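> 3D model of this:
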Amino acid sequence: MQCEPLDGYGFRRGGYQCRCKPGYRLPNVVRRPYLGELVERATWQQYEESFSCQRIGWIHKLPVTYNRLTQEERNWYVTSRFNNATGINSTLGHNLNVNNFIWFLKSVTPETCQSYTKAELTLNGDVAYGADKQFENEARMAIRSAALMTSLLSPALQIVDHDEIFAGVRVVDRPFTEDQMMGEVLSILLGNNRVWSAGMYWDRNKFPNRTLFAPFAFKTQENTRKFSMEDLARINNTRLAYNNQPFFRELKSRWSTNFDELEKYWVKLKLRFNETGMQPIRYERYPTFYKAADLRHGMWSEPYYDCSGPVKKWLVKYAAPFFGWDSLRQKLEFKGAVQVAVDLLRMDINQCPAEYFVQNVFKDTHRCDRKTSYCVPIQGRRFETGGYKCECIQGYEYQYEDPITYFDGQLMEAEFNNIIKDTNSRYHVQLMVRLLEVPVGGSCEHLVELAVVAVRGAGAAGVQESCAPLMPGLISHMRSKYFASRNMPA
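Numbering: from 1, shown residues only. Okay, here's the model as predicted:
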């Protein structure tokens, strides 16, 4: 068996699962790989007897010759599982053609985006399903700059009083400068290569000596040290001004009155007793805490193509608010927001089934045989089809001589596209797992199982000579039943 790690177990034993090596399978009474937690708790007798794999018999070579489907068989796939919508229409409706959908996204370029309206270049929010998990580090870059934990923004706005007078040579902290804010925004791009643009948007009359202030940094190519920066407050258009954008208005409306949900962070300040630092002293002014937003307090935008912006890509953005005292230092108020933008096409899509309430536009679009296998997502394949694998369900086995024990999703997608193109394809029969083996030398009562194995492309090896004449007719009969169960012509 092979060991695979599992996340979420912390610093304790059992954070793994035991899978069968190629050429072996789980017993027909076992549904899933053995959990490490159960292995660790088992007695010695249970460990020796209950956690094992069985060798697969009648191993076959991977098929090298493919056949075209008949027109009747091909029509069944084309009419029941295929949506031929192209262009902007491929992004509409529920019966999604993932290949055409992705092809449309890639066909939109800085040269062609002008031919589409803003609504056509804005996708539904369920297209970016999983962005909050996959781009969590990028979102935390905005949270950090929006004054969470290690940032200086909220402590400076809520703890420091710039009009304070101290005895001796101690001076009060100065207000923020424009250069400091520009450096903070630029540090987001320097700290994370997947962030394409970042901006800090201050509300009206909240930044010292400025009516509006919004430092914005971006890059136009990946893996570069060349960045550009501008102040979006220069835009002399009320409709295009940043404080009238939907994300800014929604955050300001949400955090206009009630701040009880914010996280409270305590600051343990230590100051020098004198210029030489003879000993530390405690901070004598209170409060020594501040309130700031957590990851759940921000908001994700719907995916869209930024045709009029400097980064002409399919983007999804995350915005986090930050807060400070009002002019009377009596209550908190919304000061502004920090927003980061990431490339949508660097996200992994999930084509496997999920619950009915999961808002994922690619849900249940996989090409696995649903009666003999199930879909398992594979990470790291980005915004492309085939980011999954087809594992055998209980009672079936992977019958090929192969270093893996599953059908790769990219292979399933490619072979299904061959059906659409009306070329040779092995998706029809050969990319399906088979029923568990029948012992060699069994009686003719096992011919039904052997016929089912043969229908799935595994051959009828192991049949006794006395039973061999019965196999052709029985295979033909089982083939008819096999396709009838799928409403297909035999």
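> so where's the stretch 201-350 of the chain uncertain?
Scanning the stretch 201-350 of the chain for pLDDT under 70 picks out the ranges 283-286.
> Quick one: the strands in the stretch 251-400 of the chain, in order.
Using DSSP state E, counting those that start in this stretch, the strands of the stretch 251-400 of the chain run over residues 263-266, 270-272, 280-282, 289-292, 299-300, 304-305, 314-325, 332-343, 373-377, 388-392, 396-397.
> Make CSV out of the ones you listed and add distance to Ala119 and mean neighbour count.
In short, each C-beta sits where N, CA and C put it, glycine included. Output for these, formatted as CSV (distance: least, Cβ to Cβ, whole Å; neighbours: other Cβ atoms under 10 Å):
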stretch, distance to Ala119, mean neighbour count
strand 263-266, 37, 12
strand 270-272, 55, 11
strand 280-282, 58, 10
strand 289-292, 35, 20
strand 299-300, 19, 16
strand 304-305, 10, 20
strand 314-325, 15, 23
strand 332-343, 20, 24
strand 373-377, 31, 18
strand 388-392, 31, 23
strand 396-397, 46, 22
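> Reformat these as CSV; add distance to Phe101.
Shown next, in CSV, are the strands of the stretch 251-400 of the chain (distance: least, Cβ to Cβ, whole Å):
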stretch, distance to Phe101
strand 263-266, 39
strand 270-272, 56
strand 280-282, 60
strand 289-292, 39
strand 299-300, 20
strand 304-305, 14
strand 314-325, 12
strand 332-343, 17
strand 373-377, 18
strand 388-392, 16
strand 396-397, 31
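> To Asp7, which of those strands lies closest?
Taking Cβ to Cβ, strand 373-377 is the member of these nearest to Asp7, at 13.6 Å.
> Mind listing the strands that closest one pairs with, and their directions?
Applying DSSP bridges, strand 373-377 is found paired with strand 388-392 (antiparallel).
> got a list of contacts for the strand it pairs with?
25, 350-352, 366-369, 372-378, 398, 405-409, 412, 431, 433 (Cβ atoms under 8 Å, 6 or more residues apart in numbering).
> for stretch 411-419, same thing?
Under Cβ under 8 Å, 6+ apart, the answer for stretch 411-419 is 66, 69, 74, 77-78, 99, 366-368, 385-386, 390, 424-428, 431.
> Apply the buried test to those residues and list what passes.
By neighbour count, with 16 or more other Cβ atoms under 10 Å, the contacts of stretch 411-419 hold 69, 74, 77, 99, 366-368, 385-386, 390, 425-428, 431 as buried.
> Quick one: neighbours of Gly23, just the number.
16 (other Cβ atoms under 10 Å).
> Not counting residues beside it along the chain, what's closest to it?
Closest residue to Gly23 apart from its sequence neighbours, by Cβ to Cβ, 6 or more residues apart in numbering: Ile56 at 5.7 Å.
> Looking at the buried ones among the contacts of stretch 411-419, which are in helices?
With DSSP state H as the criterion, helices contain Arg74, Tyr77, Asn99 from among the buried ones among the contacts of stretch 411-419.
> doesn't Glu384 make contact with the last one?
No: taking Cβ atoms under 8 Å as the contact criterion, Asn99 and Glu384 are not neighbours in contact, 9.6 Å apart.
> Please list all residues in contact with Tyr230.
One correction, residue 230 is Glu, not Tyr. By Cβ under 8 Å, 6+ apart, the contact list for Glu230 reads Pro215, Phe216.
> at 6 Å instead, please
Contacts for Glu230 (Cβ atoms under 6 Å, 6 or more residues apart in numbering) come out as Phe216.
> give me phi/psi at the residue sitting nearest the centre point of the chain?
Closest residue to the average C-alpha location of the chain: Gly130 at 4.0 Å, with Cα atoms, centre = their mean. With angles defined as degrees, to the nearest 10, Gly130 sits at phi 90, psi 0.
> What's the separation between it and Ala217?
Gly130 is 26 Å from Ala217, where distance means Cβ to Cβ, to the nearest Å.
> what does Ser107 give?
Distance from Ser107 to Ala217, by Cβ to Cβ: 29 Å.
> Ok, Leu96 next?
Relative to Ala217, and taking Cβ to Cβ, Leu96 is found at 36 Å.
> Next: Asp203.
20 Å.
> quick one: which of these two has more around it?
Taking other Cβ under 10 Å, Asp203 and Ala217 do not tie; Ala217 has more neighbours (23 against 18).
> would the more buried one count as being in a helix?
No: counting by DSSP: H, G, I helix; E, B strand; the rest coil, Ala217 is not part of a helix but strand.
> show me the contacts for it.
Val185, Leu186, Leu189, Ala198, Phe227, Met229.
> Could you check which helix or strand contains the third one?
Okay, so that is Leu189. Assigned by DSSP states H and E, Leu189 belongs to helix 178-191.
> For that helix, which helices and strands make contact with it?
Helix 178-191 sits against strand 195-202, strand 215-218, with contacts defined as 3 or more Cβ pairs under 6 Å, 6 or more residues apart in numbering; DSSP states H and E.
> and if we set it to 8 Å?
Counting contacts by 3 or more Cβ pairs under 8 Å, 6 or more residues apart in numbering; DSSP states H and E, helix 178-191 is packed against helix 136-145, strand 195-202, strand 215-218, strand 228-231.
> So for it, what gets flagged as buried?
Of the residues in helix 178-191, Met181, Met182, Glu184, Val185, Ile188, Leu189 count as buried by neighbour count, 16+ other Cβ under 10 Å.
> As TSV, those residues with distance to Asn137 would be great.
Listed next are these as TSV, based on distance: Cβ to Cβ, whole Å:
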residue	distance to Asn137
Met181	22
Met182	23
Glu184	18
Val185	17
Ile188	11
Leu189	14
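> Touching, Cys3 and Cys18? I think so.
Yes: using Cβ under 8 Å, Cys3 is in contact with Cys18, at 6.2 Å.
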